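# Just a sequence and a predicted model for now, questions to come.
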Amino acid sequence: MLSSSRALMILLLPALLAACDRQSPPKEQANAAISGEVAPTPGEATAEPKGEAAFNYKIDKSKAGTAAPDFVFQAPDGSDMTLQDFAGKPMLVNLWATWCAPCVAEMPTLDRVAAAHGAKGLAVLTISQDVQGAKAAGAFFAKHDLPHLKAYTDPDNRFGFSYATGVLPTTVLYDAQGKEMLRVIGAMDWEGAEARSLIDDALAS
């Protein structure tokens, strides 16, 4: 049986994430969220925005200096992890969901950033907020060519509730000391000039 806090988090999730272009989960996932059951098939955005429509964001530095949270999330093999496992590295922590079209559009740019900057020390963590956890994220990664990213999951949505932006995707950039530098609310082209400047600053931290 679900705890009262877990049930409340699940019921509140669609409202919290109301600002994504595809923020409402598909019907089967919404029903699963209400019932606490796993839907038969994971929801996934079926259409990706193209061009400038795919990327609409704002940068928020109001939480700069805040320590990275110590929430447990799951690696693709089901093992528990925390952001502290990446201590000493700058981190780009991206919250996304399979049913969020801007999130899906952003993912290939994040994969290429991970390929380009992983060897320089940048940890790019894409943490799914799908309530179906590994079932949804794993199916998505099996269908998409994202070899430099991993299907991390946070089915309890602890990161989403902690960051409390009300938007997916949300990406938080941490310096090598585990302190927040800024957060990007919405989808960004992570290969664009502004993103490259943000990543360079993190790598220099």
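Here it is on my side, so go on.
# any low-confidence regions in the chain?
Residue ranges of the chain with pLDDT under 70: 1-53.
# Was I right to think residue 56 contacts residue 186?
Yes. Residue 56 is in contact with residue 186 according to C-beta atoms under 8 Å; the separation is 5.1 Å. Backbone N, C-alpha and C define where each C-beta goes, glycine included.
# which residues does residue 72 contact?
80, 81, 82, 158 (C-beta atoms under 8 Å, 6 or more residues apart in numbering).
# any idea how far the last one lies from residue 127?
For residue 158, the distance to residue 127 equals 10 Å [C-beta to C-beta, to the nearest Å].
# Of these two, give the one with the bigger neighbour count.
For residue 158 versus residue 127, the count of surrounding residues by other C-beta atoms under 10 Å is larger for residue 127: 23 against 17.
# just checking, what's the longest helix in the chain?
Longest helix in the chain by number of residues (criterion: DSSP state H): helix 101-117.
# What residues sit buried inside that one?
101-114, 116-117 (16 or more other C-beta atoms under 10 Å).
# coming back round to it: what is in contact with residue 158 and residue 127 at once?
residue 73.
# can you list the contacts of residue 72 in CSV and add distance to residue 198 and secondary structure?
Listed next are those as CSV, based on distance: C-beta to C-beta, whole Å; DSSP: H, G, I helix; E, B strand; the rest coil:
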residue, distance to residue 198, secondary structure
80, 29, strand
81, 24, strand
82, 23, coil
158, 24, helix
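# Can I have the buried ones of those residues as a ChimeraX selection?
Buried subset of the contacts of residue 72, written as a ChimeraX selection, criterion 16+ other C-beta under 10 Å:
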select :81,158
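# from the contacts of residue 72, which is closest to residue 149?
residue 81 (14.5 Å; C-beta to C-beta).
# how about the nearest residue to the closest one, chain neighbours excluded?
Closest residue to residue 81 apart from its sequence neighbours, by C-beta to C-beta, 6 or more residues apart in numbering: residue 75 at 5.2 Å.
# same question, residue 165
Leaving aside its chain neighbours, residue 165 sits nearest to residue 185 (4.8 Å; criterion: C-beta to C-beta, 6+ apart).
# Checking the one you found next. Helix, strand or coil?
Three-state assignment for residue 185 (DSSP: H, G, I helix; E, B strand; the rest coil): strand.
# Surely it is in contact with residue 57?
Yes. The pair residue 185 / residue 57 is scored as a contact, 6.1 Å apart, by C-beta under 8 Å.
# one step back: contact partners for the residue nearest to residue 165?
57, 58, 59, 60, 165, 167, 170.
# and if you look at residue 152?
Residues near residue 152 by C-beta under 8 Å, 6+ apart: 73, 74, 75, 76, 81, 125, 126, 127, 128, 137.
# need the contact list for the closest residue to it other than its chain neighbours.
In space, and not counting its chain neighbours, residue 152 is closest to residue 127: 4.6 Å by C-beta to C-beta, 6+ apart. By C-beta under 8 Å, 6+ apart, the contact list for residue 127 reads 73, 93, 94, 95, 96, 152, 153, 154, 159.
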